[in-house]
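**Student:** sequence isn't available, so here's the structure alone:
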């Protein structure tokens, strides 16, 4: 079993920055993908960013140039640096992981999810 714990969410003004962290514990895969997804009130969950074991990264179009995903293999951690935040970025952000690198942008293919961390961007 894998446990994921997110942190770093909070309230920030538009144009500000936040850094989300996600640490995995328990049985981790020898090669894995870690991703960030978000869900705003009344909306479906959507893909934000993902990073494969090889460090290949994927981003949703709406965060390109503003968000950066990175990971620390030694600590089984993944980070999401969020800059130039907009009110429409307000959502609960979830960390997820899976054992393969395929379909990294598809949330339904992920095996384990964290509890989420709230990000609120005020205008």
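**Tutor:** That came in fine, so what should we check first? Predicted, not measured: the structure shown is a model, and the values here were computed from it.
**Student:** where do the strands sit along the chain?
**Tutor:** Here the chain has its strands, by DSSP state E, at 2-7, 10-13, 18-26, 33-39, 46-52, 57-59, 67-72, 77-82, 91-98, 112-113, 117-122.
**Student:** residue 104 is nearest to which of the ones you listed?
**Tutor:** Closest approach to residue 104 among the strands of the chain (CB to CB): strand 46-52, 4.0 Å. Every C-beta, even on glycine, is put in place using the N, C-alpha and C of the backbone.
**Student:** for stretch 85-96, measure first residue to last.
**Tutor:** The first residue of stretch 85-96 is 22 Å away from its last residue (CA to CA, to the nearest Å).
**Student:** ok, which of the strands of the chain comes nearest residue 105?
**Tutor:** Here strand 46-52 is closest among the strands of the chain (CB to CB), at 4.6 Å.
**Student:** could you dump the strands of the chain into JSON lines with distance to residue 104 and mean pLDDT added?
**Tutor:** Shown next, in JSON lines, are the strands of the chain (distance: least, CB to CB, whole Å; pLDDT from 0 to 100):
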{"stretch": "strand 2-7", "distance to residue 104": "16", "mean pLDDT": "94"}
{"stretch": "strand 10-13", "distance to residue 104": "27", "mean pLDDT": "98"}
{"stretch": "strand 18-26", "distance to residue 104": "15", "mean pLDDT": "93"}
{"stretch": "strand 33-39", "distance to residue 104": "5", "mean pLDDT": "96"}
{"stretch": "strand 46-52", "distance to residue 104": "4", "mean pLDDT": "96"}
{"stretch": "strand 57-59", "distance to residue 104": "5", "mean pLDDT": "96"}
{"stretch": "strand 67-72", "distance to residue 104": "11", "mean pLDDT": "94"}
{"stretch": "strand 77-82", "distance to residue 104": "12", "mean pLDDT": "95"}
{"stretch": "strand 91-98", "distance to residue 104": "8", "mean pLDDT": "96"}
{"stretch": "strand 112-113", "distance to residue 104": "14", "mean pLDDT": "94"}
{"stretch": "strand 117-122", "distance to residue 104": "21", "mean pLDDT": "98"}
